[in-house]
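Chemist: With the input below, show me the fold.
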Amino acid sequence: MSKIVKVVVSPGLTGFYFDDQTAIKSDAKENGFVYEGRPKTQGFKSVRQAGESISVMIISDDGQVAYGDCAAVQYSGAGGRDPLFLAEDFIPIIEKEIVPILVGQELDSFRRLAGKIDTYKVNGKLLHTALRYGITQALLDAVARARKITRTEVVAEEYELEIDLTPIPVFAQSGDSRYANADKMIIKQVDVLSHALINNVTKLGLHGEKLLDYIQWLKARIKEVSHNDYQPVFHIDVYGTIGEAFKGDVAAMTEYFAKLELAAAPFKLRIEGPIDAGSKVEQIKQMKLLKGELQKQDIKVEIVADEWCNTLEDIKDFVDEKAADMIQVKTPDLGGINNTIEAVLYCKQNGVGAYQGGSCNETERSAQICVDIALATRPCQILAKPGMGVDEGVMIVYNEMNRVLAILKSECN
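Modeler: Now for the predicted structure:
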């Protein structure tokens, strides 16, 4: 069995930026592509700053180089997440703490090695989620190379899953260019669209009117420029702004959701993060109330949990309480990708939709490896990432999925 003989790291850039969500939701103002205003989250030097990553390269005794990328989400430090992830702060931790653990390890089991990294503590604390994320990606790649099989097959074998050779629906997000980027998604027949980045009440409308207008435009645009058989799912992320606009009034929000459903029809509609209640306990309570009221009134809009649902334990709590129709498994927030695997499987086992998401602020490598594990675990949809330009993320995710599926199909012939 191959062994790890060396670990090399390098700083990198991500496909987007770190944004101070607290500042954006309060008084920061857009000025071109930057935000004016003072940062409000610890570690930020400006409201928007360059996203950073760290590549972790594992070299085995047969000379193969496996790698993964450490990355954190766009809104780092918000919603109970780990703090801002800067390469210069965390490369020394990898070199001092992690390299000695990995060198000499046999590449016999991804689950064993990932568990070792994901539970390792420095001064009584787990490693930053971004570190656990990237290092476990590299370990999956290394084990796959040692065994000369795909990363998808490693996950399927170690978690006793059957491989399905059909594609997984891909979800693209528009960023603030919610009109031009929606056109790109329609042209490329993306399965789920368009996110829309409604991250403050100004974009939603004080009474939700701007979002209603956007959904009506999106429906009309699909009919105008697409084929009749194109039936994507609408998925809009509102970052808690519906709860903010309607002052947490569940009855008023329910009435608004009925209008959203009518605006989207006949397309299926999902609303991500309708409420941000300020804590996990309160978020579960409020989401559950809203979900119950929507069901009572037979409103078919699905609600998706994101904020305050960051770790594997959080996801299990939301699932156990049936606090959402779908959970975003935001891959960098969970730390080791072993947790992403467990989270998707837990959602499926308990009848809750699993959306294997992530962040625009990742890299092409983390996106590829997320596709590979999704092909084994089969979530309802996967995020096209990184970036907010649509084309790049869609290309990376679709191409990786189709490459792996082609290899797996060839092995069946």
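Chemist: Mark out where each domain of this structure begins and ends.
Modeler: According to automatic domain parsing, the chain is divided into the following domains: 4-158, 170-412.
Chemist: Go through those and name the closest to residue 164.
Modeler: domain 170-412 (5.9 Å; CB to CB). (C-beta placed from N, C-alpha, C; glycine too.)
Chemist: Quick check: residue 386 vs residue 357, distance?
Modeler: Residue 386 is 12 Å from residue 357, where distance means CB to CB, to the nearest Å.
Chemist: should've said residue 176
Modeler: 19 Å.
Chemist: Looking at the two now, which is surrounded by more residues?
Modeler: residue 357 (26 against 15; other CB atoms under 10 Å).
Chemist: contacting residues for the more buried one?
Modeler: Residue 357 sits next to 171, 306, 328, 329, 330, 331, 382, 383 when contact means CB atoms under 8 Å, 6 or more residues apart in numbering.
Chemist: do residue 388 as well
Modeler: Residue 388 neighbours (CB under 8 Å, 6+ apart): 16, 173, 174, 175, 176, 177, 181, 197, 360.
Chemist: I'd like the domains of the chain written out as a markdown table, with distance to residue 164 and mean pLDDT added.
Modeler: Compiled in a markdown table, the domains of the chain are given as follows (distance: least, CB to CB, whole Å; pLDDT from 0 to 100):
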| stretch | distance to residue 164 | mean pLDDT |
| --- | --- | --- |
| domain 4-158 | 10 | 94 |
| domain 170-412 | 6 | 96 |
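Chemist: Share the number of residues neighbouring residue 23, please.
Modeler: 22.
Chemist: who are the neighbours in contact with it?
Modeler: 35, 37, 38, 39, 40, 41, 44, 47.
Chemist: Same question for residue 291.
Modeler: By CB under 8 Å, 6+ apart, the neighbours of residue 291 are 303, 322, 323, 324, 325.
Chemist: rerun that using 6 Å as the cut-off
Modeler: residue 303 (CB atoms under 6 Å, 6 or more residues apart in numbering).
Chemist: Distance of it relative to residue 281?
Modeler: On the measure of CB to CB, residue 291 and residue 281 end up 16 Å apart.
Chemist: any idea how far residue 158 is from residue 110?
Modeler: 6 Å.
Chemist: Find the residue closest to residue 76 in space, skipping its chain neighbours.
Modeler: Sequence neighbours aside, residue 84 is the residue nearest to residue 76 in space, at 4.9 Å (criterion: CB to CB, 6 or more residues apart in numbering).
Chemist: hang on, the earlier thing: show me the contacts of residue 23 that map onto strands.
Modeler: Under the assignment DSSP state E, the contacts of residue 23 contribute residue 35 to strands.
Chemist: Can you say which of the contacts of residue 23 are buried?
Modeler: For these, a burial check counting by 16 or more other CB atoms under 10 Å picks out 35, 37, 39, 40, 41, 44, 47.
Chemist: Specify which member of those residues is nearest to residue 343.
Modeler: Checking the buried ones among the contacts of residue 23 against residue 343 by CB to CB gives residue 41 as the nearest, at 25.2 Å.
Chemist: and the closest one, what does it touch?
Modeler: So residue 41 contacts 20, 22, 77 (CB under 6 Å, 6+ apart).
Chemist: same deal with residue 175?
Modeler: 197, 388.
Chemist: Now name the helix or strand holding residue 155.
Modeler: helix 151-158 (DSSP states H and E).
Chemist: Can you list the buried residues in that helix?
Modeler: 151, 152, 153, 154, 155, 156, 158.
Chemist: that older thread, looking at the contacts of residue 41, which has the most residues close by?
Modeler: residue 20 leads the contacts of residue 41 on contacts (other CB under 10 Å) with 28 neighbours.
Chemist: Next SSE downstream of whichever strand or helix holds residue 253?
Modeler: If you go by DSSP H and E, residue 253 is part of helix 250-264. Moving toward the C-terminus from helix 250-264, the next helix or strand (DSSP H and E) is strand 269-272.
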